[in-house]
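>>> Sequence isn't available, so here's the structure alone:
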C-alpha cells in the first residue's frame, strides 16, 4: 500500500540501544564475543526496536540505527579517504570520533543495504524508513586535510551517497531520509549545501525526506525552494515552535517535531494534540507528518518509548478530528521528480 | 620582540575524565575521589604544559562542560536550559536563561577548583591564567528574560566577575570575548564596553589577556583596542589568514596573542608558516607576541592537541635559538 493515514507518525531514526546490546558491543570490543555473536545481538535489537515502534503505533518506523554508533562515524568508517585520530566532545560528556579526510573520498561497497534488508524482513510494515547522513553534514563534521575546499569534499561525498541510495532502492526502500543537521551551520554555505544535497538525491525517485535540527533555520529559509526533497522534518518542540513562521511558504511536506528529545519530561497526548492543532493553522493536514525533534538515542529507553506512545496517541486525537473533515489518507508517492 | 607561548581555553577532555564527571553528577562517585582524580589530571596537565615549554596556561577547564558552564558556577539569577550551538561549531552548550538579577554565588565551585589549580601550578613553570567569559559574549551566549536593558545586564555581570576576581587574586586573567567581532552587535553595547571592563577590573592588579576567535572584524577594532587589557588576542587561522597583512599595520607597540594552531582541524601547521608569522609580527613592531591555539581545544582530538603544541615548542626553540 502506498498510502498512509493522515498525519503519519514516524521517528527521526535513532532509538536507545538496549542495555544488553551495549554490553554485547563492549564484550565484542574486548574480543570476548565473536563477530557473529555481535551481529546476532544487533539483529535481536532491531527486532526489539521495531516491536516497540509497533507497540507505540508508529506508522513509519526505522530500525533505530542499532548498528550505528554515530551518524558521521558510521559512514566515514565505510567510505574510502577517512582516518580517525580519536574522540572529540560535542557537548557535556558526549563524544564522537570525528573523522579526518586524508584522501579522495570514494564509494567502497554497500553501507546500509544489509541493515535495510534485515529491518525489512523484521518490520511490521512495508513503510519502513531508512536514514542516511547527508554529504554536507559528513563534510562539515569531518576535518578536511585533503580537499581544496569543503564544497569539493561535499560534492564527492554526494556522489558516494547517491550510489548508496540507488542500492537501497534496488533493495526495496520506499522512504529515504537524508540527515542534514549541519546544513544551516554557516549562512554563506547554505546555498551550495542545498545544491550538494540535490546532487546526492539526483534520480532518487522514492519518497525523500530531509531532516534538519537545532540551529539557525533562518539561514535555510531563503533556499528552501531550491531543495529537491519531498519533505523536510524539523526539531520544533525544543524551540516552542517559534521557527514555524519561516516555513509557512514551504508547500511540500513537513515533518513537525512535537517531542523534545533533550528533556526527560514526557509530553502528554493532550499536549501533542494541542500542539498539532496549532501547527495545522500553518500547514495543510495532507502535508504534515508527525515526529520527535530528533533521534531518541540519548534518552532512557522507557522514556523514549513513552514519548513515542504519547506522540501517537496525541496524533490519533487530531487524526479523528481530521477524519470528520474528510481527511483520511495521504500518498507515499514522491512530490518531486528528481 | 618578546616571544612566548600559551594554551588558551580548554584542553581536549579525555573520555576517562568525562566518565568520572558523569559518575560524579549521578552521585556514583564521592566528592573526595572526584577531586583527587581532577587534581591528578591537572597536575599531569601542568607537567605536559611544562614539557611543551608553554609560558601561560589555563587549568585545562577539565572540570567544566564549556565556558558557559564555567560561568554558571559563580552566578546566581540564571538557569541552564536549551542546548545551543557554540558559534558555528559542532559543539553545544547549555544556554543560561537569565531569570533574575545576576548576583555572585558565594562558596562557588569556580573558587574550589581554581584553588586546587593554583596550588598545583606553584610547582610548575607555566603561569596559570584564570578564565573568564567577557561581558559581551556572556550577553550573546545567554538568553535574557529579566533585564529590560542590555547595559544593566552587562553591568551586573561585571560586578559579579569583579567579585570573583577579587576573591581568586590571580596574577593573570584570560577574558574570552569573541562576540566583539560577531555580526549584529549593537553600537551602544560596543561603546559601553570600556566602562564595563573597568568595572570588571576595578582594583584588580592582574595581567589581562583578551581572547577572540573565529572572526576578525576590522570595523570593531577601534572598540576592541579601547578595552583596558594587557594583551589583545586574535585567531589568525582559516579565513583570518587573509586579514593578517592589514592587521599587522594596526598592532605596532601592542602586546598581542595570535592563535596560530588551528583548534578546528587535525591538519598540522607548518613550522615555516608560523616562523613567517613571527617574522612579520616582529617587523610590524609588536612588542610582545604570545602564540598558541586559536580557540577551545575541545574541537580536536587530544593526540592532535599534543602534536600541535609539540610543533609550537619546536618553532619557539628555533626562533629563540636563531
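Received it, and whenever you're ready, just let me know what you need. Because the structure is a prediction, the values reported are computed rather than measured. Residues are numbered from 1 along each chain as shown, chains lettered A, B, ... in the order given.

>>> Now do the same for the residue in the stretch 51-200 of chain B that chain A sits nearest to: its pLDDT.
Closest contact between the stretch 51-200 of chain B and chain A, by CB to the nearest CB, is at residue B:92 (3.8 Å). For the C-beta atoms, the positions are set from N, CA and C on the backbone; glycine is no exception. Predicted confidence (pLDDT) for residue B:92: 92.

>>> do the same with residue A:123
In this model, residue A:123 carries a pLDDT of 98.

>>> And it, how far from residue B:187?
According to CB to CB, to the nearest Å, residue A:123 stands 58 Å off from residue B:187.

>>> Give me the three-state assignment for residue B:88.
coil (DSSP: H, G, I helix; E, B strand; the rest coil).

>>> wait, doesn't it sit right on residue B:238?
No - using CB atoms under 8 Å, residue B:88 makes no contact with residue B:238, being 10.9 Å away.

>>> Comparing those two, which shows the higher neighbour count?
residue B:88 (18 against 13; other CB atoms under 10 Å in any protein chain shown).

>>> For the more buried one, which residues are in contact?
A:185-186, B:214 (CB atoms under 8 Å, 6 or more residues apart in numbering or on different chains).

>>> Adding distance to residue B:293, pLDDT and neighbour count, write the residues you listed out as CSV.
Output for the contacts of residue B:88, formatted as CSV (distance: CB to CB, whole Å; pLDDT from 0 to 100; neighbours: other CB atoms under 10 Å in any protein chain shown):
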residue, distance to residue B:293, pLDDT, neighbour count
A:185, 21, 92, 21
A:186, 21, 92, 15
B:214, 13, 96, 21
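
>>> Tell me the one of these nearest residue A:163?
Nearest to residue A:163 among those is residue A:185, at 25.3 Å by CB to CB.

>>> Chain B: helices as residue ranges?
Remark: helices assigned in chain B by DSSP state H are B:15-25, B:31-51, B:67-72, B:109-121, B:135-141, B:150-168, B:187-200, B:221-224, B:244-248, B:271-284, B:302-320.

>>> Redo those helices as a markdown table? Include mean pLDDT, distance to chain A and mean neighbour count.
Formatted as a markdown table, those follow (pLDDT from 0 to 100; distance: least, CB to the nearest CB, whole Å; neighbours: other CB atoms under 10 Å in any protein chain shown):
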| stretch | mean pLDDT | distance to chain A | mean neighbour count |
| --- | --- | --- | --- |
| helix B:15-25 | 93 | 4 | 15 |
| helix B:31-51 | 96 | 13 | 16 |
| helix B:67-72 | 98 | 9 | 22 |
| helix B:109-121 | 97 | 16 | 18 |
| helix B:135-141 | 98 | 14 | 24 |
| helix B:150-168 | 98 | 21 | 20 |
| helix B:187-200 | 97 | 21 | 17 |
| helix B:221-224 | 97 | 22 | 18 |
| helix B:244-248 | 96 | 20 | 15 |
| helix B:271-284 | 96 | 15 | 15 |
| helix B:302-320 | 96 | 5 | 17 |
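
>>> now those as TSV including distance to residue A:105?
Output for the helices of chain B, formatted as TSV (distance: least, CB to CB, whole Å):
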stretch	distance to residue A:105
helix B:15-25	27
helix B:31-51	34
helix B:67-72	34
helix B:109-121	42
helix B:135-141	34
helix B:150-168	45
helix B:187-200	43
helix B:221-224	40
helix B:244-248	31
helix B:271-284	26
helix B:302-320	20
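
>>> Out of the ones you listed, flag the one nearest residue A:337.
Residue A:337 sits nearest to helix B:135-141 of all the helices of chain B, at 43.7 Å, using CB to CB.

>>> Residues of the stretch 51-200 of chain A that sit close to chain B?
Neighbours of chain B within the stretch 51-200 of chain A, by CB under 8 Å from any CB of the partner chain: A:85-93, A:95, A:98, A:100, A:140-141, A:143-145, A:182, A:185-186.

>>> Out of those residues, which end up buried?
A:85-93, A:95, A:98, A:100, A:140-141, A:143-144, A:182, A:185 (16 or more other CB atoms under 10 Å in any protein chain shown).

>>> coming back round to it: what is the residue lying closest to the residue of the stretch 51-200 of chain B closest to chain A once chain neighbours are set aside paired to in the beta sheet?
In this structure, residue B:92 finds its nearest non-sequential neighbour in residue A:91, 3.8 Å apart by CB to CB, 6 or more residues apart in numbering or on different chains. Listed by DSSP bridges, the beta-bridge partners for residue A:91 are residue A:94.

>>> Identify the residues contacting residue A:91.
So residue A:91 contacts B:65-66, B:83, B:91-94 (CB under 8 Å, 6+ apart).

>>> try 7 Å
Applying CB atoms under 7 Å, 6 or more residues apart in numbering or on different chains to residue A:91 gives the contacts B:65, B:83, B:91-93.

>>> Check residue A:299 too.
A:16, A:261, A:264 are the contacts of residue A:299 under CB under 7 Å, 6+ apart.

>>> For the last one, which non-adjacent residue is spatially closest?
Spatial nearest neighbour of residue A:264, excluding adjacent residues (CB to CB, 6+ apart): residue A:303 at 5.4 Å.

>>> What residue in chain B comes nearest to chain A?
Going by CB to the nearest CB, chain A is nearest to residue B:301 of chain B, at 3.4 Å.

>>> Relative to the whole chain's centre, how far out is the strand ranked longest in chain B?
Using DSSP state E to define each element, chain B has its longest strand at strand B:92-104. Offset of strand B:92-104 from its chain centre (CA atoms, centre = their mean, to the nearest Å): 19 Å.
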